[in-house]
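Asker: Model the structure of this input:
(one chain, ligands or ions: 1)
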Amino acid sequence: IRTRVGIVGAGPAGLMLAHLLHLQGIESVVLEARSRQEVEGTIRAGILEQNTVDLLVEAGVGDRLLAEGHRHTGTQIRFAGQGRRIDFEALTGRAVTVYPQHEVLIDLIARRLADGGDIRFGAGDVEVHEHTGSRPFITFVDGDGQRQRLECELVAGCDGSRTATRNLIPEPAVRTDYFRQYPFVWFGILAEAPRTSDELIYAHSPSGFALCSTRTETVQRHYLQVSVDDTVEDWSDARIWDELHRRVDGPGAEVREGAIFAKSVLPFRSFVCEPMQSGRLFLAGDAAHTVPPTGAKGMNLAMADVWVLADAMTGFLVSGDRRGLDGYTAAVLPRVWRAQHFSWWMSTMLHTAPDASPFDIRRQEAELDTVTSSDAGRTLIAENYTGLPLRERV
Ligand code: DHB
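Answerer: As a prediction, this is how the structure comes out:
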């Protein structure tokens, strides 16, 4: 098989890159280890920055998102028994949209297939070869068990946080020590229940963080900070609702219960791989950087990466101009690090560390008071949460 760009991974980064390249007349092949069903059914985050919405709409894949997504013009931050609203729209003129990641993937896959795009699901043993030369190729075992060889001019590593392509960025150039593990994780549920509130609630409490999010009028997504050793079995439905009430309820908020139909534990890590490229291999999304979920930056960063990468690849493949490719890492890293900071900051400000002292809790409450009681503080949150504008290439 021969194509121009070999893309490893059919997540937001890989599929959006394939689509953006297609719009510029460049063909690609996407190799994905999982089945289409699995890709389209895995529950992930649900918040799209204004940038991501604009990008999907401009790229012609935003119809369902505009029809079915819910625009949120603000959010509530709760601490010390009170709620403070951050009005994104009034402070920045921007907003976010609740539209789950797997719906974005369903839309991108449908559009790719309608455009004659080539996505190989169930591709095993994917290996990138000779990416430091001028003729890289990728070997894999297809869904029928046949060994295949994909020849291409450029390779994109979009294979998520459990990436294999990242390991091809050679030492000593690569930094793998930009890493941080957090002393807590999230327990996420989906419940058949009415909305707790019209907007998301991020709640700090002495017993830990809680987040009330939403999917539809009748399906809600909630998260609880739990211990790193906790498993799904440790959390009965009754214990989950008890804890959500304890951490969230108060004046102006009361968690509304329902039937829980999905439970999962989400890891909490920060990681950046620098540089994000080697020879003809370019990493995008979680393959290159992972953020903790507080602040919902993961998918949005992936989209921002490929927005830059698609142009850089096009410049090279259409007119032989290497400048975009050479400057790819430098172009996207400032945004990556600012999102790292924001995700780390929101995580540390809102969660209760296992060894938190009474002083630490009161200090956090004071910090939350500082940032939510002035327009300057609220704007800082609103700008970062709704996303730094893409056009500035921050
Ligand atoms: C959701 C996830 C997040 O990480 C977040 O900060 C807000 C919402 C969600 O899945 O709805």
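
Asker: ok, now which ones touch the closest residue to Gly252 other than its chain neighbours?
Answerer: Leaving out its chain neighbours, the residue that sits closest to Gly252 by Cβ to Cβ, 6 or more residues apart in numbering is Gly83, at 5.0 Å. C-beta: built from backbone N, CA, C; applies to glycine. Contacts here follow Cβ atoms under 8 Å, 6 or more residues apart in numbering; on that basis Gly83 touches 76-77, 201, 250-253.

Asker: three-state assignment of Gly83?
Answerer: strand (DSSP: H, G, I helix; E, B strand; the rest coil).

Asker: so it bridges to which residues?
Answerer: As for beta bridges, Gly83 partners with Arg78 under DSSP bridges.

Asker: Against Glu127, how distant is Arg149?
Answerer: Per Cβ to Cβ, to the nearest Å, Arg149 is found 10 Å from Glu127.

Asker: Overlap of the contact sets of those two?
Answerer: 138-139.

Asker: Give the closest residue to the residue of the stretch 51-200 of the chain with the smallest separation from the ligand in space, chain neighbours not counted.
Answerer: Of all residues in the stretch 51-200 of the chain, Leu200 sits closest to the ligand, at 5.8 Å by Cβ to the nearest ligand atom. Nearest residue to Leu200 in three dimensions, chain neighbours excluded: Thr75, at 4.7 Å (Cβ to Cβ, 6+ apart).

Asker: where does the one you found land on pLDDT?
Answerer: The model reports Thr75 with a pLDDT of 98.

Asker: tell me the contacts of it?
Answerer: Applying Cβ under 8 Å, 6+ apart, the residues near Thr75 are 85-86, 88, 199-202, 385.

Asker: returning to that earlier point: now, the contacts of Gly83 that are in strands?
Answerer: 76-77, 201 (DSSP state E).

Asker: For the chain, just list every one of the helices.
Answerer: 12-23, 36-41, 50-58, 63-68, 88-92, 101-114, 237-248, 298-319, 323-326, 328-350, 358-372, 375-386 (DSSP state H).

Asker: Is Leu15 in contact with Ile106, as I believe?
Answerer: No - contact criterion Cβ atoms under 8 Å: Leu15 and Ile106 do not qualify, at 10.1 Å.

Asker: ok, those two, which is more surrounded?
Answerer: Set Leu15 next to Ile106 and count neighbours by other Cβ atoms under 10 Å: Leu15 wins out with 28 against 16.

Asker: what does the stretch 101-250 of the chain have sitting close to the ligand?
Answerer: When proximity is defined as Cβ under 6 Å from any ligand atom, the stretch 101-250 of the chain approaches the ligand at 200, 211, 213, 221.

Asker: how about these in a markdown table, adding neighbour count?
Answerer: As requested, those are exported to a markdown table (neighbours: other Cβ atoms under 10 Å):
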| residue | neighbour count |
| --- | --- |
| Leu200 | 22 |
| Leu211 | 23 |
| Ser213 | 23 |
| Arg221 | 21 |
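
Asker: want to throw these into TSV with pLDDT?
Answerer: Converted to TSV, these look like this (pLDDT from 0 to 100):
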residue	pLDDT
Leu200	98
Leu211	98
Ser213	97
Arg221	97
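
Asker: Check the chain and tell me which residue is nearest its centre.
Answerer: Gly298 (2.0 Å; Cα atoms, centre = their mean).

Asker: Based on its surroundings, how many neighbours for the closest residue to Gly124 other than its chain neighbours?
Answerer: Leaving out its chain neighbours, the residue that sits closest to Gly124 by Cβ to Cβ, 6+ apart is Val141, at 4.3 Å. For Val141, the neighbour count with other Cβ under 10 Å is 15.

Asker: May I have the residues that are in contact with Val141?
Answerer: Neighbours of Val141 in contact, by Cβ under 8 Å, 6+ apart: 123-125, 147-148.

Asker: Show the buried residues in those.
Answerer: Listed as buried from the contacts of Val141 are 123, 148; burial here means 16 or more other Cβ atoms under 10 Å.

Asker: In strands, which of the contacts of Val141 fall?
Answerer: Reading strands off these with DSSP E, I get 124-125, 147-148.
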